[in-house]
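Chemist: Only the shape, not the letters, is given here:
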């Protein structure tokens, strides 16, 4: 592949916050290979903040298939706009047929992506995909560009926060009397599907013990739709925490995670944001998903807690009501990990 032949490059990204974060390694490595090219990326609106401020991109294009671009005429209008941009090549990280068709109709001459039977005729460079769950997601997406002939220089995620994001976090701390020397523990109890969540009754037990044993300042975070869960946890606690549910956007959350002494969470998008910004120490609670596939990458400041309960991992049974894999991790085991962190002074400064 000749870098000089592509003046305008497009990345058609995936739809999920954590995976878009993993895809930042693809974006950065494309930029390494094509330093002078114009580089754009298509993402759904909910993932826009993940890439906002990314210096490796020249343009972010929103594709809203559930609303703004849902109808036939709206979709055709989107394709027309894409055609006018005259991209030379597109890397399709999403395996869908429709996205490959959009790029074909938009007249993008080079269409590169993982091969599927349905869209084989739409791809000009067909990348044989790796076996399911054989690679970490970051390497799965890098596979598309590596097998197409690009050089991979590094493997890590990017998440950029601004001066304004830090200022918002600092203002929140001032208003809530959070001091520079406080042991700040951010607890993130939510998750995009329930089997990945730690039992809600474990959180108040853990949080109260963190206050009693370590004098922690507890901050409960989450999106607006996590408010009922966070309120439940707060009401069950003896030592009332700070509630930041719905207070921070994800960029401001990144500033918070970077500042916190410790971040505790399950396998969620915020876990990967915290890892990307160089959180001092993370304790990640894993159950049905595999850290080798969707875990934080790299594992520099991360402790993974996961129990073998006899289930196949990864498990994608989103309707599972047993949740025994997450129940098996007890609050006391988390406390022991916190003791280890405190005793060995493993908490590092942000990168």
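Modeler: Arrived safely, thanks for sending. Remember, it's a predicted structure, so these values are computed and weren't measured experimentally.
Chemist: which regions of this protein lie under the pLDDT threshold?
Modeler: Applying pLDDT under 70 to the chain flags residues 1-4, 344-351.
Chemist: Show me where it has its helices.
Modeler: Residue ranges of the helices in the chain, as given by DSSP state H, are 17-33, 48-51, 72-85, 97-105, 137-146, 163-175, 202-214, 227-236, 250-259, 269-276, 291-294, 324-327, 331-344.
Chemist: name the helices or strands packed onto the last one?
Modeler: Read it as helix 331-344. When contacts are defined as 3 or more Cβ pairs under 8 Å, 6 or more residues apart in numbering; DSSP states H and E, helix 331-344 sits against helix 202-214, strand 262-266, strand 282-286, strand 302-306. (Each C-beta comes from the backbone N, C-alpha and C, glycine too.)
Chemist: Of those, which stretch is the most buried?
Modeler: Ranked by mean neighbour count, those are led by strand 262-266 with a mean of 26 (mean count of other Cβ atoms under 10 Å).
Chemist: which other helices and strands contact that strand?
Modeler: strand 184-188, helix 269-276, strand 282-286, helix 331-344.
Chemist: between the third one and strand 302-306, how many degrees?
Modeler: Angle between the axes of strand 282-286 and strand 302-306 is 20 degrees (criterion: axes from the mean of the first three to the mean of the last three Cα atoms, to 10 degrees).
Chemist: The residue nearest to residue 168 when sequence neighbours are not counted: neighbour count?
Modeler: Take residue 168 and drop its neighbours on the chain: the residue closest to it by Cβ to Cβ, 6 or more residues apart in numbering is residue 252, 4.7 Å away. Using other Cβ atoms under 10 Å, residue 252 has 22 other residues around it.
Chemist: What separation do you get for residue 252 and residue 161?
Modeler: Distance of residue 252 to residue 161, given as Cβ to Cβ, to the nearest Å: 8 Å.
Chemist: One more: residue 247?
Modeler: As judged by Cβ to Cβ, residue 247 and residue 161 stand 16 Å apart.
Chemist: Which one's more surrounded, those two?
Modeler: Each of residue 247 and residue 161 has its neighbours counted (other Cβ under 10 Å); residue 161 has more, 23 against 17.
Chemist: just checking, that one touches residue 276?
Modeler: No. Look at residue 161 against residue 276 with Cβ atoms under 8 Å: they stay out of range, at 9.7 Å.
Chemist: Give me the common contacts of those two.
Modeler: residue 254 (Cβ atoms under 8 Å, 6 or more residues apart in numbering).
Chemist: Might you report the residue contacts of residue 287?
Modeler: The contact partners of residue 287, taken as Cβ under 8 Å, 6+ apart, are 195-196, 198, 266-267, 306-307, 323, 325-326, 328-329.
Chemist: What distance do you get for residue 14 to residue 94?
Modeler: Using Cβ to Cβ, we find residue 14 at a distance of 5 Å from residue 94.
Chemist: Let me fix that, I meant to ask about residue 271.
Modeler: With Cβ to Cβ as the criterion, residue 271 and residue 94 are 22 Å apart.
Chemist: Give the burial count for residue 94, as a bare number.
Modeler: Residues near residue 94, counting by other Cβ under 10 Å: 21.
Chemist: wouldn't it be in contact with residue 11 here?
Modeler: No. If you go by Cβ under 8 Å, residue 94 and residue 11 don't touch, sitting 9.9 Å apart.
Chemist: what residues go with each domain of this protein?
Modeler: Per automatic domain parsing, the structural domains of the chain span 3-146, 163-344.
Chemist: closest to residue 155 out of the ones you listed?
Modeler: Ranking those by proximity to residue 155 (Cβ to Cβ) places domain 3-146 first, at 5.7 Å.
Chemist: any idea how far the closest one is from the chain center?
Modeler: How far domain 3-146 lies from its chain's middle: 17 Å, per Cα atoms, centre = their mean, to the nearest Å.
Chemist: now stretch 136-149
Modeler: Using Cα atoms, centre = their mean, the mean C-alpha position of stretch 136-149 is found 17 Å from that of the whole chain.
Chemist: Buried residues, that stretch. List them.
Modeler: Using 16 or more other Cβ atoms under 10 Å as the test for burial, stretch 136-149 gives 136-145, 147-148.
Chemist: Stretch 27-40 now?
Modeler: Using 16+ other Cβ under 10 Å as the test for burial, stretch 27-40 gives 27-31, 33-34, 37-40.
Chemist: Output those residues as JSON lines; include the columns distance to residue 280.
Modeler: Below are the buried residues of stretch 27-40 laid out as JSON lines (distance: Cβ to Cβ, whole Å):
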{"residue": "27", "distance to residue 280": "26"}
{"residue": "28", "distance to residue 280": "24"}
{"residue": "29", "distance to residue 280": "27"}
{"residue": "30", "distance to residue 280": "31"}
{"residue": "31", "distance to residue 280": "29"}
{"residue": "33", "distance to residue 280": "33"}
{"residue": "34", "distance to residue 280": "35"}
{"residue": "37", "distance to residue 280": "37"}
{"residue": "38", "distance to residue 280": "37"}
{"residue": "39", "distance to residue 280": "32"}
{"residue": "40", "distance to residue 280": "34"}
